[in-house]
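**Q** Need a 3D model of the following:
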Amino acid sequence: MMMRLHTKSLIVALVVVMPLFFWLVGATALEPIELLGKNIFFDEISIPGNKQACASCHEPAKGWILPNSTINSSTVVAPGAKPQALGNLKPPSNAYASFSPPFRPFPNPFIAPWEGGNFWDGRAEGCGATSGPCPQGNGAVSETITLSDLPVAKQVAYKQYLGPTADQALNPFPNDVELDIREQNVCQRVKTAKYKNLYDQAFGEAIDCSPNPKDNPAYRTSFKRLAVALAAWQMSEDVVSFSSTRDKALLNDDNGTFPLRGFTSQENFGHDLFYGRNDSGLNGGPGNPPAKQAFCSLCHNGVPQGDAPDLTGESLHQLYTDFRYHHIGVPFNREIPGVKKEEKTGLRAHVTNVAPGQFKTPTLRNVAKGLSPDFKKAYTHNGWFKSLESLVHFYNTRDKLEKCEKLGITHAAEKEALQNNCWPAPEFSGPVGGIIGDLGLSHAIGPDAVPNSEEAALVAYLKTLIDDHTPDVPE
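**A** Residues are numbered from 1 along each chain as shown. Below you'll find the model as predicted:
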C-alpha cells in the first residue's frame, strides 16, 4: 500500500500539469484479493440473512459511518442482526484506519501512553506481521492473523495486509450485537456466493470450510483469509482515495503550499487556525496575525509510515489522526441504551495500567461527508456531539463555560447544554487534555456568536476533507 502511494506521489510530481482526475479515476483496477474484500464488505452476510453487512455500519457515501440519521441524532449505537441487539459505542469510520500501526507503547507516555491498533480501545492489536508477541497478550484480546495463516506462495505479497485492520475484521462477524454469524457459516456463505471465484484467484486455491483438523479447522483458516481480503480492500485506492477538495486544491496550487489558490479565504483561515499558522491573509482572507492556535493538529495529524513528518498540513497523504489515545473530557451520553456512566472506559478496557477515558483519535477525513439538512451525524466515541459546530465549540470553550451540573442539569444532552450555554462535566474524572478548553476563538454558536467566526472557519476547513470518490456497490 505504501509503495503504491509513494509511486503515485512521484507520478503526480512528474505530471503535475495533467488533470487531477488522471490521478484519481485513473487509479489501478482492484486486484482479486481487494475485489474479494469489497464484495464481502457489501454482502448482507449476517444471521438472520440479508439484514446486515459491514457497510450497514460503515456506509461510504455517509463518510463510512452508520447511515441512519435518526439513530445518529438520538441513541447513536447501531442495531445488530440479532433481534433487539444494540452496540454500545458509536461505529467509527473505517476509511484510512488501515494506516494505523500495530498496537504499541508510545515513546513519550506524557503525550500518549499507547498508539496504534483498531477499535476505539485499540484491542485489535494487529501484531501478526511483527516479530515478538503483542504488548497485551498476543491475541488474547483480539485474535491475530499471522503469515502462517496465508498460503506460502502468497505470504510475501500479502504480508502488507496483516495488521490492525485484518485483526479488526475478525470481530464483527461472530459478535451477536453485530453480524451474529459464526466463522464456519461465513466460510460457507462465501463458498456459494456469486463472487466465490475471487477467493480462488486471490489465494491460488479453493476455499475450504471443513471442520478438520479439530485443533485448527480449515474453515478457521479460510475465515482469517477473508479478513485479510477485507483489509486489502480497505487499504486500496477505492477506500483511501485522497480525493478531497483539500487534496485537489493542494495538487493544483502553483507551489503546493498554503494559502491555496483553490480555497476560499475562510477555508484558508480555518487551515491556519488548525495548524497555528498566520499566512492566510496573503490570499486576501481575514488573516491570522496573532497566529491563533486551535491545537487541532497536535492530535489530528499523521502521515503513512515512511512519509516525511507533516507539520504544516501540506502532505498529499495527511491522515488527520495520530492513532493515539486521549481523554478530552467528553460528557456521558445518557441516550445510549443500557450503557452506564463510566462503563465504557476506552483504552483501559484493553490496557489496565492507564486512566479511564482515553479513546483513539479518529481521522477527520470525511468527517462532514453526507451531511445535509436531512442527514445528521454523531461525533466522538459515544456520539454525544451532534454537529461539527458544537464539537468545535466544545474544543474552544470546554473550560470556560459553566458546568451544567452547577445549573442543576445532570447528564445533559447536547441540546440542553447548548440551550443553557454550559458543558457537562467529563464522564471520567482525572486529568483531561489541557491543550484545549479555552482557546480564545470567536464563537459560531451561543449568545456571543459572531458572523464568520474563527470556529466557523475551522468547520469550513473540515468540510474540505470530504473525498469526492465513493466506491460503487458490487452488482
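
**Q** Check the protein and tell me which residue is nearest its centre.
**A** Nearest to the mean C-alpha position of the chain, by C-alpha atoms, centre = their mean, lies Ser93 at 3.9 Å.

**Q** show me what contacts that one?
**A** Counting by C-beta atoms under 8 Å, 6 or more residues apart in numbering, Ser93 makes contact with 58, 63-65, 362-363, 365-367. (Each C-beta comes from the backbone N, C-alpha and C, glycine too.)

**Q** and which of those residues is nearest to Phe223?
**A** Distance to Phe223 across the contacts of Ser93 (C-beta to C-beta) is lowest for His58, with 19.5 Å.

**Q** so where do the helices sit in the stretch 51-200 of the chain?
**A** 69-72, 155-158, 164-169, 183-192, 197-203 (DSSP state H, counting those that start in this stretch).

**Q** Now do the residue nearest to the centre of the chain against Glu405, distance only.
**A** Taken as C-beta to C-beta, to the nearest Å, the spacing of Ser93 relative to Glu405 amounts to 32 Å.

**Q** again with Thr352
**A** Thr352 sits 29 Å away from Glu405, taking C-beta to C-beta as the criterion.

**Q** what's Lys406 sitting at in phi/psi?
**A** Here is the backbone geometry of Lys406 (degrees, to the nearest 10): phi -70, psi -20.

**Q** and the nearest residue to it once chain neighbours are set aside, bridged to which residues?
**A** Taking C-beta to C-beta, 6 or more residues apart in numbering, and ignoring the residues beside it in sequence, Lys406 has Cys422 as its nearest neighbour in space, at 7.7 Å. Beta bridges link Cys422 to Glu402, judged by DSSP bridges.

**Q** For Ser100, which of the helices of the stretch 51-200 of the chain is the nearest?
**A** Comparing those against Ser100 with C-beta to C-beta, the closest turns out to be helix 164-169 (4.9 Å).

**Q** what about the closest one, distance to the chain center?
**A** Centroid displacement of helix 164-169 relative to its chain, using C-alpha atoms, centre = their mean, to the nearest Å, is 13 Å.

**Q** Restricting to C-alpha, output it in CSV.
**A** Output of helix 164-169 as CSV, limited to C-alpha atoms (Å, rounded to 0.1, in the frame of the first residue of the first chain):
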residue,chain,number,x,y,z
PRO,A,164,-4.9,-4.0,12.9
THR,A,165,-7.4,-3.8,10.0
ALA,A,166,-7.2,-7.5,9.3
ASP,A,167,-7.5,-8.3,13.0
GLN,A,168,-10.4,-6.0,13.4
ALA,A,169,-12.2,-7.7,10.6
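
**Q** neighbouring contacts of it?
**A** Residues beyond helix 164-169 that count as contacts (C-beta under 8 Å, 6+ apart) turn out to be 94, 97-98, 100-103, 116-119, 124-126, 128, 142-145, 226-228, 230-231, 234-235.

**Q** tell me the pLDDT at the closest residue to the residue nearest to the centre of the chain other than its chain neighbours?
**A** Spatial nearest neighbour of Ser93, chain neighbours left out: Trp64 (4.1 Å); criterion: C-beta to C-beta, 6+ apart. Predicted confidence (pLDDT) for Trp64: 98.

**Q** ok, Trp64 touching Ala95?
**A** Yes. Applying C-beta atoms under 8 Å, one finds Trp64 in contact with Ala95, separated by 4.4 Å.

**Q** Compare these two (neighbour count), which wins?
**A** Each of Trp64 and Ala95 has its neighbours counted (other C-beta atoms under 10 Å); Trp64 has more, 28 against 21.

**Q** which ones are touching the more buried one?
**A** Taking C-beta under 8 Å, 6+ apart as the criterion, Trp64 is in contact with 58, 93-95, 366, 369.

**Q** Pick out whichever of those sits closest to Phe375.
**A** Nearest member of the contacts of Trp64 to Phe375, counting by C-beta to C-beta, is Lys369, at 10.0 Å.

**Q** which residues does that closest one contact?
**A** 61-64, 466-467.

**Q** Just give the number of residues close to the closest residue to Pro92 other than its chain neighbours.
**A** Excluding its sequence neighbours, the residue lying closest to Pro92 (C-beta to C-beta, 6+ apart) is Pro362, at 5.8 Å. Applying other C-beta under 10 Å, we find 22 residues neighbouring Pro362.

**Q** got the angle between the helix or strand where Leu226 lies and helix 183-192?
**A** Element membership of Leu226, judged by DSSP states H and E, is helix 218-234. Relative orientation of helix 218-234 and helix 183-192, computed by axes from the mean of the first three to the mean of the last three C-alpha atoms, to 10 degrees: 70 degrees.

**Q** Begin at 169, not 1, for the rest of this chat.
**A** Happy to do that; since the first residue is 169 now, the last one works out to helix 386-402.

**Q** What is the subsequent helix or strand relative to helix 386-402?
**A** Heading C-terminal from helix 386-402 (DSSP H and E), you reach helix 413-420.

**Q** Please spell out which residues along the next helix or strand after that following helix are buried.
**A** Beyond helix 413-420 on the C-terminal side, the first helix or strand identified by DSSP H and E is helix 433-443. Neighbour-count burial for helix 433-443, with 16 or more other C-beta atoms under 10 Å as criterion, is recorded at 433-443.

**Q** And Thr520 and Glu573? Which one has more around it.
**A** Neighbour count, other C-beta under 10 Å: between Thr520 and Glu573, Glu573 has more, with 14 against 9.
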